[in-house]
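1. Sequence first, predicted coordinates after that:
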Amino acid sequence: MEFLAPNFGLIFWTMFSLVHLILCIVAVLKLATLPMRYETKFAWLVAILLVPLFGVATFFILRKSGQLKAV
């Protein structure tokens, strides 16, 4: 019944937002260290900041699989 408490939603979304903010910061810092052209980095930066969940997830998935390469 704790999940039905009025403050559970507030706590959940606050924690979700903090984790998301940390992931965005880590993604931007990792992006800064990758050997890419500035246009490509800028496009990734826009994707990470304007489409947050999809942009961050896609960045980390492609980075992990090695598909992000210097262009």
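-> Looks like it arrived, so ask away.
2. Please enumerate the strands of this structure.
-> Using DSSP state E, the strands of the chain do not appear at all; there are none.
3. Kindly list the longest helix within it.
-> helix 8-33 (DSSP state H).
4. Average pLDDT for that one, rounded please.
-> Average pLDDT, helix 8-33: 89.
5. Stretch 42-61 too?
-> Mean predicted confidence for stretch 42-61 is 90.
6. Dump it to PDB, keeping only the CA atoms.
-> The C-alpha trace of stretch 42-61 is given here as PDB (Å, rounded to 0.1, in the frame of the first residue of the first chain):
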ATOM      1  CA  PHE A  42      26.700  19.300 -32.500                       C
ATOM      2  CA  ALA A  43      24.000  17.000 -34.000                       C
ATOM      3  CA  TRP A  44      24.500  14.600 -31.100                       C
ATOM      4  CA  LEU A  45      24.300  17.400 -28.600                       C
ATOM      5  CA  VAL A  46      21.100  18.600 -30.000                       C
ATOM      6  CA  ALA A  47      19.700  15.100 -29.900                       C
ATOM      7  CA  ILE A  48      20.700  14.600 -26.300                       C
ATOM      8  CA  LEU A  49      19.300  17.900 -25.100                       C
ATOM      9  CA  LEU A  50      16.100  18.200 -27.200                       C
ATOM     10  CA  VAL A  51      15.000  14.600 -27.300                       C
ATOM     11  CA  PRO A  52      16.300  13.600 -23.900                       C
ATOM     12  CA  LEU A  53      15.300  10.000 -23.300                       C
ATOM     13  CA  PHE A  54      15.700   8.800 -26.900                       C
ATOM     14  CA  GLY A  55      18.800  10.900 -27.500                       C
ATOM     15  CA  VAL A  56      20.700   9.700 -24.400                       C
ATOM     16  CA  ALA A  57      19.600   6.100 -24.800                       C
ATOM     17  CA  THR A  58      20.600   6.000 -28.500                       C
ATOM     18  CA  PHE A  59      24.000   7.700 -27.800                       C
ATOM     19  CA  PHE A  60      24.900   5.100 -25.100                       C
ATOM     20  CA  ILE A  61      23.700   2.200 -27.200                       C
END
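7. who touches it?
-> 20, 23-24, 27-28, 30-31, 36, 68 (C-beta atoms under 8 Å, 6 or more residues apart in numbering). (C-beta placed from N, C-alpha, C; glycine too.)
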